[in-house]
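Chemist: Sequence first, then the predicted structure:
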Amino acid sequence: MKKTEMGRFNISPDEDSSSYSSNGDFNYSYPTKQAALKSHYVDVDPENQNFLLESNLGKKKYETDFHPGTTSFGMSVFNLSNAIVGSGILGLSYAMANTGIALFIILLTFVSIFSLYSVHLLLKTANEGGSLLYEQLGHKAYGLAGKLAASGSITMQNIGAMSSYLFIVKYELPLVIKALMNIEDTNGLWYLNGDYLVLLVSFVLILPLSLLRNLGYLGYTSGLSLLCMIFFLIVVICKKFQIPCPVEVALMANETVNGTFTQVALAALASNSTAADTCRPRYFIFNSQTVYAVPILTFSFVCHPAVLPIYEELKSRSRRRMMNVSKISFFAMFLMYLLAALFGYLTFYEHVESELLHTYSAIVGTDILLLVVRLAVLVAVTLTVPVVIFPIRSSVTHLLCPTKEFSWFRHSVITVTILAFTNLLVIFVPTIRDIFGFIGASAAAMLIFILPSAFYIKLVKKEPMRSVQKIGALCFLLSGVVVMIGSMGLIVLDWVHDASAGGH
C-alpha cells in the first residue's frame, strides 16, 4: 500500500486487490438499500458475497479510496433520501399534535441540523480513520467496545424499523380486508385480528423472502418505499381539503360516519368546548405525550449506517461533494416531514393517533384513495422487512460464529428467531408510539449524536482537543447523552404512569 502526494491510498501491484470484491468486480446493481446494509460485518459472512460490495473475508485493511465511485450525484441524493425516509413519517402528525406547530418546527429544524452535523463528523472521521464501515470505525476508536456499540445501535435501530413496519401490517391489513370484503360485523373473525395477521404475513410471506441468501429485488423495494411515502404525502395533503374538522361535523350535522365521531362530540360537549376551539391549531403544547416528540424525530432522521456506503459509491468522491448530497437529501426530507406532519395535524388536530393512516379509518372510514395508499404501504413494508433482517442476521452470525462455514440450519434458526422476537414486540407492545419513542431515545440518539462525535474525538488526530472542532464535537456528544437519558427517563415515567392508571 502506497500513499500518494494527495494523501490518498493506492493499491500497489504486489498487493491482492481481490480483497475488496468477492470476484474482483463491482456488481453494483441496486445501490439504495445495499448501501444501507453494507456496514454490518459483510466482510465475514459468506452469504453476503454476492449481495453486497464488501471485501472477501476482510483480511485486508479497508481504506476510504479502495475503488472509484460509480454512482451519480443525483442517484446518491435519491439513495440517501430513501435511507432517511421510513415509517417514522406516520408518527410525525402525532408529534405535532403534542407539541404544537411552532414547537414542532423548532424541534424538526434542530434535529435535522444536528443530524446533518453528525454526518459531517462521520465523513471526516472516515477519511481520517481510513475506513468506510461504521463498525470498523468503532473498532479503530475504542476496540471491541466501540465495535459492539456501533453494531448494537444499528441492530436496535433495524429491529425498531422492523417492528414499526409490522405494526403497520397489524394496524392496516385488517382495515384493508374489511374494506375489500365489505364486512360490517367484525366480532369473532380471526382474519380481522391484527395479531393473527402479523403472524400470518411474517411466516407465510416475509420468512421465505428472508431465508434467501441473495435479495435480488432489493433495489425495486427501495424505489417502491420512497414512492409510497410520496404518494402518502400527496394523499394527506388532499384529504385536508376534503375532511372538515371531525368535531365540527359531528356537532353541526348531528350524524356520524362511525362511532368515533359520536365519542368525540360527546367529549367536546362534556368539556364545554366548542367546535371552533377543538378545530383551532395550537402552536405550543406541553403534555405527557410531548416527551415522545424528540425520539420520534430522531427515529425519523436516522440514516447514518447508509452514509458511508453511499459516500463510497459516489462518483468523483470527495467529502464536500458528499456533504452537498447530504444537504439536499436532508432539506428534501425536512420539507416532506413538515408537510406530512402539518397537513395530518390540521386534518385531525388533537385526535391524531400515533399512526396517522389508522386515524383516517377511526375518524372518516375508508375510501378508494385511502385503500390504495394502504395497499401500497403494506406491499412496501412487507418487502422491506426481509431487507432489514439481513444485516441483523449478519451481525448475529459474526458475533456467534465468525469463522464457521455457511450453514443453512444456522441461517434459518437465526432468521426465525429474529422474526419471532420482532413479532412478540409487535403483539405485546401497546402502540407504535412506544417503538418510535424507545428506539428514537436509545439507538437513534446513539447513531446521530453519540457515536459520530465519540469516533471523531478519538480518531481525528490532527486537531487538538482544545480546537473549536473538538470542543464542538464534545458538546455534541454531551448533548446526545442528555437527550438520550432525558428522553428515556421521561418515557419510562410515562409508561409507569400509564401502567398505574391501567393504560398498559
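Modeler: Thanks, I have the structure now.
Chemist: What segments of the chain are strands?
Modeler: With DSSP state E as the criterion, the chain has strands at 2-3, 9-10.
Chemist: low pLDDT regions in the stretch 401-504 of the chain?
Modeler: Across the stretch 401-504 of the chain, the ranges flagged by pLDDT under 70 are 501-504.
Chemist: Apply 80 and report the result again.
Modeler: For the stretch 401-504 of the chain, residues meeting the criterion pLDDT under 80 lie at 401-403, 498-504.
Chemist: same question, the stretch 51-200 of the chain
Modeler: 51-69, 86, 133, 182-191.
Chemist: Now residue 345. Nearest residue, chain neighbours left out?
Modeler: Leaving out its chain neighbours, the residue that sits closest to residue 345 by CB to CB, 6 or more residues apart in numbering is residue 96, at 4.3 Å. Where C-beta positions appear, they are placed from N, C-alpha and C, glycine not excepted.
Chemist: burial measure for residue 292, as a count.
Modeler: Around residue 292 there are 27 other residues, counting by other CB atoms under 10 Å.
Chemist: Surely it is in contact with residue 437, unless I've mixed up the numbering?
Modeler: Yes - between residue 292 and residue 437 there is a contact under CB atoms under 8 Å: 4.6 Å.
Chemist: list the residues that contact both of the two?
Modeler: Residues within reach of residue 292 and of residue 437 at once, by CB atoms under 8 Å, 6 or more residues apart in numbering, are residue 491.
Chemist: Would you tell me which helix is longest in this structure?
Modeler: In the chain, taking DSSP state H as the definition, the longest helix is helix 134-181.
Chemist: Could you report the neighbour count for residue 496?
Modeler: Neighbour tally, residue 496, other CB under 10 Å: 11.
Chemist: Roughly how far does it sit from residue 192?
Modeler: 33 Å (CB to CB, to the nearest Å).
Chemist: Could you find the closest non-adjacent residue to residue 449?
Modeler: Leaving aside its chain neighbours, residue 449 sits nearest to residue 480 (2.3 Å; criterion: CB to CB, 6+ apart).
Chemist: and if you look at residue 297?
Modeler: Using CB to CB, 6+ apart, the nearest residue to residue 297 is residue 111, at 4.4 Å.
Chemist: so who does the one you found touch?
Modeler: 294, 297-298, 301, 448.
Chemist: Generate TSV for those residues, with neighbour count and distance to residue 380 as supplementary columns.
Modeler: What follows is these, written out as TSV (neighbours: other CB atoms under 10 Å; distance: CB to CB, whole Å):
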residue	neighbour count	distance to residue 380
294	24	26
297	28	22
298	30	22
301	26	19
448	31	24
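Chemist: for the residue nearest to residue 345, what are its contacts?
Modeler: Neighbouring residues of residue 96 by CB under 8 Å, 6+ apart: 104, 341-342, 344-345, 352.
Chemist: 10 Å instead?
Modeler: 102-105, 107-108, 281-282, 285, 293, 296, 337-338, 340-342, 344-346, 349, 352 (CB atoms under 10 Å, 6 or more residues apart in numbering).
Chemist: where's it relative to residue 120, distance?
Modeler: 28 Å.
Chemist: now residue 206
Modeler: Using CB to CB, residue 206 is found at 36 Å from residue 120.
Chemist: higher neighbour count, these two?
Modeler: Taking other CB under 10 Å, residue 206 and residue 120 do not tie; residue 206 has more neighbours (26 against 18).
Chemist: Excluding chain neighbours, what is closest to that one?
Modeler: Nearest non-adjacent residue to residue 206, counting by CB to CB, 6+ apart: residue 385, 5.0 Å away.
Chemist: Tell me the pLDDT of the nearest residue to residue 225 once chain neighbours are set aside.
Modeler: In space, and not counting its chain neighbours, residue 225 is closest to residue 380: 4.6 Å by CB to CB, 6+ apart. pLDDT, residue 380: 82.
Chemist: for residue 380, what are its contacts?
Modeler: 87, 165, 168, 221-229, 231-232 are the contacts of residue 380 under CB under 10 Å, 6+ apart.
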